[in-house]
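A.B. asks: Kindly return the folded structure for what I paste below:
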Amino acid sequence: MLTEDQARELADMLDRAERERVECPLISQAHPGMTMDDAYAVQAAWVGQKLAAGRRVIGWKIGLTSRAMQQALNIDTPDSGVLLDDMLFANGATIPAGRFIQPRVEAEIAFIMSADLAGADVSRDDVLAATGHIAPALEILDTRVQRRDPATGHVRNVIDTIADNAANAGIVLGDRHLDPVRTDMRWMGAIVRRDDVVEETGLGAGVLGDPVMGIVWLVHRMARYGQRLRRGDVVLSGSFIRPIETAPGVLIHADFGPYGEVSCRFE
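C.D. replies: Numbering: from 1, shown residues only. Model prediction:
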């Protein structure tokens, strides 16, 4: 297991990579014995640094919810990260040039909590009762850790992703507020365009069979660490499309049909 000092050192490395916009070496390659708990300890140390610098937690994100992504990383469980106030962008926002290293975008369903929620026995019905509304959303991913080591060919794995705050970078919330009880999120999908080209389509059922179950998984995981979702938290339930690469000048637009639309442009 990592020591506290090692976790802080890795958090410092990630923070420097983000500030300097230069990816750092693979953590999993430098520390091959790291566990997922170790990776979450690094994530917590990094988030703690951000909070000490004045940032504020606004919610959580769930990643690696699709079967394809789990198989690609040879795991059978999602991961999670923390959303901070400086990650939130308005619908239609222009993302400033140089804000991220190699941003990619996913389409998701966001849950906005109307009540605290905690416990290892939380059910699907409990999640729905504690959700004020849901909204279409885009998640902006960025990687402070290399995707592949150029010398060895070693690729990033789930340890790198978790330590890197689950590749969290930004969130764009749609304007529609939808009733979570009256919306069958399994059939809530999107057509996602990069400029004028349809890059991806997908349905909410790609997220653990039902996006609500992503929230159930998160609350159960948080219970192991004495954590909880809080009233007002925004929770990204997981992507139902593959990440779409971006570039300067690119417009990403997700059409959720009757459920609204959400977009952002990269300067």
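A.B. asks: secondary structure element for the residue most central in space within the chain?
C.D. replies: With distances taken as C-alpha atoms, centre = their mean, residue 61 lies nearest the centre of the chain, 4.0 Å away. Element membership of residue 61, judged by DSSP states H and E, is strand 57-63.
A.B. asks: Can you list the helices and strands that that strand packs against?
C.D. replies: Judged by 3 or more C-beta pairs under 8 Å, 6 or more residues apart in numbering; DSSP states H and E, strand 57-63 is in contact with strand 79-84, helix 211-223, strand 234-236. Glycine gets a C-beta too; all of them are placed from N, C-alpha and C.
A.B. asks: Which strands or helices does the first one pack on?
C.D. replies: Under the contact criterion of 3+ C-beta pairs under 8 Å, 6+ apart, the helices and strands touching strand 79-84 comprise helix 36-52, strand 57-63, helix 158-163, strand 168-173.
A.B. asks: ranking the ones you listed by burial, who's on top?
C.D. replies: Comparing the helices and strands packed on strand 79-84 by mean neighbour count (mean count of other C-beta atoms under 10 Å), helix 158-163 ranks first with a mean of 26.
A.B. asks: ok, back up a step: deepest of the helices and strands packed on strand 57-63, which one?
C.D. replies: strand 234-236 (a mean of 26).
A.B. asks: State the next helix or strand along the chain beyond it.
C.D. replies: In the C-terminal direction, the helix or strand that comes right after strand 234-236 (DSSP H and E) is strand 244-245.
A.B. asks: Could you give the average pLDDT over that following strand?
C.D. replies: Across strand 244-245, pLDDT averages out at 96.
A.B. asks: Pull up the pairing partners for that strand, direction included.
C.D. replies: Here strand 244-245 has these sheet partners by DSSP bridges: strand 104-113 (antiparallel).
A.B. asks: what's the angle from the strand it pairs with to helix 211-223?
C.D. replies: 80 degrees (axes from the mean of the first three to the mean of the last three C-alpha atoms, to 10 degrees).
A.B. asks: CA atoms only for strand 104-113 - export them in CSV, please.
C.D. replies: The C-alpha coordinates for strand 104-113 follow below in CSV (Å, rounded to 0.1, in the frame of the first residue of the first chain):
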residue,chain,number,x,y,z
ARG,A,104,-12.8,14.5,-24.9
VAL,A,105,-16.5,14.6,-24.5
GLU,A,106,-19.2,12.1,-23.4
ALA,A,107,-23.0,12.3,-23.2
GLU,A,108,-24.6,11.5,-19.9
ILE,A,109,-27.6,11.9,-17.7
ALA,A,110,-27.1,14.2,-14.6
PHE,A,111,-28.9,13.6,-11.3
ILE,A,112,-29.5,16.7,-9.1
MET,A,113,-30.1,15.6,-5.6
